[in-house]
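# 3D, please:
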Amino acid sequence: LLNQPVPGTSGFPSITRNVGSMANRGFEFVLNTKNFTSENFKWDTSFNLSTLDNEVTDLPGGDIVSGVNIVREGETISSFYLVEYAGVDPANGDALFYKNTLLDNGTRDRTTTASYNEASRVVLGSAYPD
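Numbers count the residues shown, from 1 in each chain. Below is the predicted model of the structure:
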């Protein structure tokens, strides 16, 4: 279920719909122990280990962009969709950004610019830890 954008003339910004498919794969292991139990003192331990591999497998309506997040086929749900920061220009202290515009050969232009508006947004990661 995702918030799919609708035309502004509808009076609403989006509608919640089942708009695609995704795959979740992972593993979870929990170990609970009672290490010490007496009338005056109790010591319990809980250990949890889990993994999650999440991927949008089908999105018929195309990308859904919401703020700094994007839902795109082949990516983790709600991936970060941002202008890539390249550091600081040592000459004047201005922020630098990678342009990331697509070139004719399919690669990205990795030159830097001080103008945020000249840089293209790209998928830069996920909120889900490895």
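
# distance of residue 46 from residue 33?
Summarising the geometry, the distance separating residue 46 from residue 33, computed by C-beta to C-beta, to the nearest Å, is 8 Å. For glycine as for every other residue, the C-beta is placed from the backbone atoms N, C-alpha and C.

# mind listing the strands for the protein?
2-5, 14-17, 21-37, 42-58, 64-66, 69-71, 79-83, 85-88, 95-98, 112-113, 121-125 (DSSP state E).

# out of these, which gets nearest to residue 106?
Ranking these by distance to residue 106, with C-beta to C-beta as the measure, places strand 121-125 first at 13.9 Å.

# pLDDT of the closest one, averaged?
Averaging pLDDT along strand 121-125 gives 94.

# give the buried residues for that strand.
residue 123 (16 or more other C-beta atoms under 10 Å).

# which neighbours does that strand have in its sheet, and in what orientation?
Paired with strand 121-125 in the same sheet, following DSSP bridges, are strand 79-83 (antiparallel).

# need the residues that contact the partner strand.
The set of residues that contact strand 79-83 without belonging to it, under C-beta atoms under 8 Å, 6 or more residues apart in numbering, is 65, 68-72, 97-98, 100, 116, 119-127.

# rerun that using 10 Å as the cut-off
Around strand 79-83, the neighbours that count as contacts under C-beta atoms under 10 Å, 6 or more residues apart in numbering are 54, 56, 63, 65-72, 75, 95, 97-100, 113, 116-128.

# repeat that for stretch 106-113.
For stretch 106-113, the surrounding residues in contact (C-beta under 10 Å, 6+ apart) are 83-87, 89, 94-103, 118-120, 122.

# let's go with 6 Å and repeat that
The contact list for stretch 106-113 (C-beta atoms under 6 Å, 6 or more residues apart in numbering) reads 86, 96, 97, 98, 99, 100, 101, 103.
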